[in-house]
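[1] Would you be able to build a 3D model of this:
(one chain, ligands or ions: 1)
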Amino acid sequence: MSTPGLAWSREEFEARLRERGRSYHIHHPFNLMLNRGRASPEQVRGWVANRFLYQVAIPIKDAAILANCPDRDVRRSWIQRILDHDGFEIGGINDPGGIEAWLRLGEATGLSREEILDERHAIPAVRFAVDHYVHFARRAPWQEAVCSSLTELFAPEIHKQRLATWPEHYPWIARDGLQYFRNRVSQARRDVEQGLEVTLSWFTTRAQQQRALDVLQMKLDILWAMNDAMALRYGVDPQSAAEGLARAPQEAA
Ligand SMILES: O=C(O)c1cc(C(=O)O)c2c(n1)C(=O)C(=O)c1cc(C(=O)O)[nH]c1-2
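    Residues are numbered from 1 along each chain as shown. From the prediction side, this is the model:
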């Protein structure tokens, strides 16, 4: 047990951040359904169309962090995230970026580009959850906004699950469509290194470390709430609902 009030060591603080993975949406019934191959084409499409709102918000959120950050070294590396998602054309290199990769995923599931882009399938609660993330990044100290990106600690695992299970369970999705997930496994690892370095260096008193944990929990809750909203709209099979109940986030927090 730690002494109340004393700062945790870097190692213990990092371990406490990682411990929050227990309430990551990888354990949500809707995600269990998706990654265990129990989702219908309509449920997969509903997820892809709604997650698009998150995809387009991420570079806007990262631009807000850049705008609030006076540290040039941090800005020099953080800007990579915007290029990852928006893509770029520089010096003859053309990278279409993550948003385009997500649109191709959508097309591979049978959605049209148009119906993803016009957000006709957007669920209001998903929109509110995503907007909250962007607003938080605009208003919060930039170090807290960086810390809120640390759900990416747990993202490589969820992308790897999709790569491992979707081709078998959803043979109707063209394999090329899964490229987004392949790209993110390495990008997320690099992002996490950077986000962790900022978080471990800036949140040094016990009160600040506790605040960082609260910020990370808020972001975990955003992702969980998005899944709640999609489960309500598109449904969840009883088996996934039962398996997910064993891991309700309030028990894990
Ligand atoms: O598919 C997922 O479950 C998932 C989760 C998260 C996350 O944990 O925030 C991100 C992503 N994907 C992702 O692809 C991504 O680019 C990303 C950026 C961020 C962020 O907060 O800056 N999270 C995530």
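
[2] measure Asp214 to Phe136 for me?
    Distance of Asp214 to Phe136, given as Cβ to Cβ, to the nearest Å: 12 Å. Quick note: C-beta positions are derived from backbone N, CA and C, even for glycine.

[3] Can you report phi and psi for Val236?
    phi -140, psi 140 (degrees, to the nearest 10).

[4] thought it was touching Phe30?
    Yes. At 5.6 Å, Val236 and Phe30 qualify as touching, with contact defined as Cβ atoms under 8 Å.

[5] so what sits against both of these two?
    Residues touching both Val236 and Phe30 (Cβ atoms under 8 Å, 6 or more residues apart in numbering): Gly244.

[6] more crowded one of these two?
    A count of neighbours by other Cβ atoms under 10 Å puts Phe30 above the other of Val236 and Phe30, at 27 against 23.

[7] what phi and what psi does the backbone show at Asp95?
    Torsion angles, degrees, to the nearest 10, at Asp95: phi -110, psi 120.

[8] Now do Asp131, the pLDDT please.
    As summarised for this prediction, Asp131 has a pLDDT of 98.

[9] Can you give me the neighbour number for it?
    13.

[10] quick one: contacts for it?
    So Asp131 contacts Ala57 (Cβ under 8 Å, 6+ apart).

[11] Which one's more surrounded, Asp214 and Phe136?
    Just comparing Asp214 and Phe136: by other Cβ under 10 Å the higher neighbour count belongs to Phe136, 18 against 11.

[12] any idea which helix or strand carries the more buried one?
    helix 124-139 (DSSP states H and E).

[13] May I see the buried residues of that helix?
    The neighbour-count check on helix 124-139 (16 or more other Cβ atoms under 10 Å) flags 125-127, 129-130, 132-134, 136-137 as buried.

[14] which one of these sits closest to the ligand?
    The nearest member of the buried residues of helix 124-139 to the ligand, counting by Cβ to the nearest ligand atom, is Tyr133 at 7.3 Å.

[15] Distance check, that closest one against Pro167.
    Taking Cβ to Cβ, one finds Tyr133 at 30 Å from Pro167.

[16] coming back round to it: check whether the helix holding Phe136 comes near the ligand.
    No. Using Cβ under 6 Å from any ligand atom, helix 124-139 never reaches the ligand; the gap is at least 7.3 Å.
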